[in-house]
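S.K.: I would like to see how this sequence folds:
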Amino acid sequence: MDLGVWMSSEVLAHKQGDEPGRVQVWNVGPLPDAFGCGNPPRCLFVAVRGQWRGFFVLNGQVLFNAQDSPRPYTLIFDPRTWTPITPQPAPPRTHGPGYTLDVPQLHGKRKARTKATNETETSLIAQGNETGRTR
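M.R.: Below you'll find the predicted structure:
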């Protein structure tokens with residue numbers, strides 16, 4: 001299973017940073033029972049302006065912080081794993097746990113993209129290109 005979240009293009013650009021050794025995190029509310037017992041989410045899909053834009057590969061660890069009651073779970077990912085996808089409609093943002101399980105179903109191999117591809121995609125999203133296609 002994978003999770004999907006909504007963020008602004010500015011937040012996505014920040015999460016895509018590629019400083020060596022750096023990781024990024026995303027805090028979410030209570031996770032579904034399916035993620036317990038060694039079955040953490042594999043990918044964190046990202047929607048910007050109502051469209052799925054891509055995903056990060058999660059590192060498999062989920063941290064818990066009891067002091068952050070609205071969003072006690074922290075998902076960890078390497079920003080270099082950002083993989084753009086063909087934009088497609090995302091469900092409306094909800095006020096629930098801060099994520100959705102209604103994410104695109106990908107067929108084939110999931111692989112991280114190069115820094116150049118990531119920069120092109122980030123630039124298109126920041127410019128408001130709704131198709132997100134690169135040349």
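S.K.: F64 versus F35, what's the distance?
M.R.: Separation of F35 from F64 (C-beta to C-beta, to the nearest Å) stands at 12 Å. Bear in mind the C-beta positions are built from the backbone N, C-alpha and C, glycine included.
S.K.: comparing the two, which shows the higher neighbour count?
M.R.: Set side by side, F35 and F64 show more neighbours around F35, with 17 against 9, by other C-beta atoms under 10 Å.
S.K.: quick one on the thing from earlier: anything in contact with each of F35 and F64?
M.R.: When C-beta atoms under 8 Å, 6 or more residues apart in numbering defines a contact, no residue borders F35 and F64 alike.
S.K.: so where's the longest strand in the chain?
M.R.: strand 51-64 (DSSP state E).
S.K.: partner residues bridging V5?
M.R.: In this entry, V5 is beta-bridged to V46, by DSSP bridges.
S.K.: can you tell me which helix or strand of this protein has the lowest average pLDDT?
M.R.: Ranked by mean pLDDT, DSSP states H and E, the weakest helix or strand in the chain is helix 115-126, scoring a mean of 47.
S.K.: S8 and W82, how far apart?
M.R.: Taken as C-beta to C-beta, the span from S8 to W82 is 16 Å.
S.K.: comparing these two, which residue is more hemmed in?
M.R.: W82 (27 against 12).
S.K.: tell me the phi and psi of that one?
M.R.: phi -50, psi 130 (degrees, to the nearest 10).
S.K.: I'd say it and L44 touch.
M.R.: No. Taking C-beta atoms under 8 Å as the definition, W82 is not a contact partner of L44, at 9.9 Å.
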